[in-house]
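Student: Got a predicted structure plus its sequence, pasted below:
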Amino acid sequence: MKHAMRMGGVVGFWLLLTLALAGCQCNAPETVAFVDIQRYAGTWYEIAKYPVFFERGLVGVTAEYTLLEDGSVRVVNRGFRGTFDGDEARVVGKATVADPVTNAKLKVQFGPIPFAIFGPNYWIIGLGEEYEYALVSDRCRRTLWILSRTPQMDAQRYNDIVAWLAESGFDTDRLELMPQPE
């Protein structure tokens, strides 16, 4: 009986979440015109982001993307608790291209939790010509990451990106810098 009640609670939760998100009207950002996933693969350093609960207390956060033979992408996010010498926190996931015309919208999932059941949750909205930086959000602008191929980003480039994000309708006051090693 307890198991049935628990399952009913889980089903009810997903039903409420589905209904809430189905009614979600938002101002979707534009994505970049095209992403070469092979060039996008590799290590990215998080420079700044909107705060997210799963990164609370972490420093030195990186994301590593590896293109797999089936066309999906292995995602490894890692950071360190408190200091660069702290315990490593790591999560492994999988991304699939949701928009094969642009490759700029992906469905990313970590573990059994279906974050991407409602569609692509990783939208590449900005990308340097040499893939030296990337800007990532989602369809309702709830998340935002500024990523770089290097642990530090030139201050002028960062300021230009933040200005562009503000002009594009993002709340740049919410951005939180991510400490990275020198």
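Tutor: Ah, there it is. Numbering: from 1, shown residues only.
Student: which ones are touching Thr81?
Tutor: Small correction: residue 81 is Arg, not Thr. For Arg81, the contacting residues are 57-58, 87-89, by C-beta atoms under 8 Å, 6 or more residues apart in numbering. All C-beta atoms are positioned from the backbone trio N, CA, C, and that covers glycine.
Student: Strands - which of those residues land there?
Tutor: 58, 88-89 (DSSP state E).
Student: Quick one: buried ones out of those residues?
Tutor: Buried members of those, counted by 16 or more other C-beta atoms under 10 Å: Leu58.
Student: Looking at the contacts of Arg81, which is nearest Thr96?
Tutor: Taking C-beta to C-beta as the measure, Thr96 sits nearest to Ala89 out of these, at 24.1 Å.
Student: Across the sheet, point out what pairs with that closest one.
Tutor: Beta-bridge partners for Ala89, by DSSP bridges, are Gly79.
Student: Ok, the one 4 residues further on next?
Tutor: Applying DSSP bridges to Gly93 gives these bridge partners: Val75, Phe110.
Student: Confirm for me that it is in contact with Gln109.
Tutor: Yes - contact criterion C-beta atoms under 8 Å: Gly93 and Gln109 qualify, at 5.6 Å.
Student: This structure: strands as residue ranges?
Tutor: Using DSSP E, the strands of the chain run over 42-49, 58-67, 73-81, 88-97, 105-110, 122-127, 133-137, 144-148, 176-177.
Student: what about Ala63, neighbour count?
Tutor: The number of residues packed near Ala63 is 20, by other C-beta atoms under 10 Å.
Student: I'd like the distance between it and Arg81.
Tutor: Computed as C-beta to C-beta, to the nearest Å, the Ala63 to Arg81 distance reads 17 Å.
Student: ok, back up a step: shared neighbours, Gly93 and Gln109?
Tutor: Jointly contacting Gly93 and Gln109 under the rule C-beta under 8 Å, 6+ apart is no residue at all.
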